[in-house]
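J.: What would the 3D arrangement of this be:
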Amino acid sequence: MPRAILDYYLSSRRVDVRRAWEGPLDLATLERRHTNEVALALARDALETGAYHDVHCWVFTPVSFTHLMRGLAELDLVKFSCESIAETLLNQNEFYATMTRGTNRQEIIATWAQATDFLEGSAGNAGVLGRLRRAWSSLTGSQAG
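T.: Below is the predicted model of the structure:
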């Protein structure tokens, strides 16, 4: 996919994860990882030779991921249940989900709904993210967002 390669290499920026946790980043101030010439050369390479370039940019939060997976399960497009999922740790940029192959569509959907509820804090749960924000606020004296 030369278009995906070009998009990745033209768009990829260096991001200070700590600064990203502190608030919105200004795209104009973020250093590009690659030049236009590199982006074009790699896209051409894929187009002309079929070479594979491992590029991707999927941006999820744990909650947006559970919503996506539930929707895909409801459409019967995935057969994976949510075994566990954890919030992104402070000053990090990844989260982890453990999935297991399932066979019962309704059970698969239910696991993603439960994961969403856990992360969002419904059904009386204070919510992982909410607890982290309140803990951070108490340590820093700032308002919880």
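
J.: Show the pLDDT at Ile85.
T.: Looking at Ile85, its pLDDT is 93.

J.: Over to Asn93?
T.: At Asn93, pLDDT is 86.

J.: Can you tell me the closest non-neighbouring residue to it?
T.: Val17 (4.8 Å; Cβ to Cβ, 6 or more residues apart in numbering). For glycine as for every other residue, the C-beta is placed from the backbone atoms N, C-alpha and C.

J.: now do Ile85
T.: Ile85 sits nearest to Ala97 (Cβ to Cβ, 6+ apart), 4.3 Å away.

J.: got the domain boundaries for this protein?
T.: 2-49, 62-140 (automatic domain parsing).

J.: element containing Ala46?
T.: helix 36-49 (DSSP states H and E).

J.: In the helix or strand just after that helix, which residues are buried?
T.: Of the helices and strands lying after helix 36-49 in sequence (DSSP H and E), the nearest is helix 62-74. Across helix 62-74, burial judged by 16 or more other Cβ atoms under 10 Å covers 62-63, 65-67, 69-70, 72-73.

J.: and if you look at stretch 10-20?
T.: In stretch 10-20, counting by 16+ other Cβ under 10 Å, buried: 10, 12.

J.: next one: stretch 104-120
T.: Buried-residue list, stretch 104-120, by 16+ other Cβ under 10 Å: 108-116, 118-120.

J.: And for stretch 45-52?
T.: Ala46.

J.: mind listing what Ala43 touches?
T.: 2-3, 5-6, 9 (Cβ atoms under 8 Å, 6 or more residues apart in numbering).

J.: Using JSON lines, lay out these together with distance to Pro24, secondary structure and neighbour count.
T.: JSON lines is the format used below for those (distance: Cβ to Cβ, whole Å; DSSP: H, G, I helix; E, B strand; the rest coil; neighbours: other Cβ atoms under 10 Å):
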{"residue": "Pro2", "distance to Pro24": "31", "secondary structure": "helix", "neighbour count": "15"}
{"residue": "Arg3", "distance to Pro24": "28", "secondary structure": "helix", "neighbour count": "10"}
{"residue": "Ile5", "distance to Pro24": "28", "secondary structure": "helix", "neighbour count": "23"}
{"residue": "Leu6", "distance to Pro24": "26", "secondary structure": "helix", "neighbour count": "19"}
{"residue": "Tyr9", "distance to Pro24": "24", "secondary structure": "helix", "neighbour count": "22"}
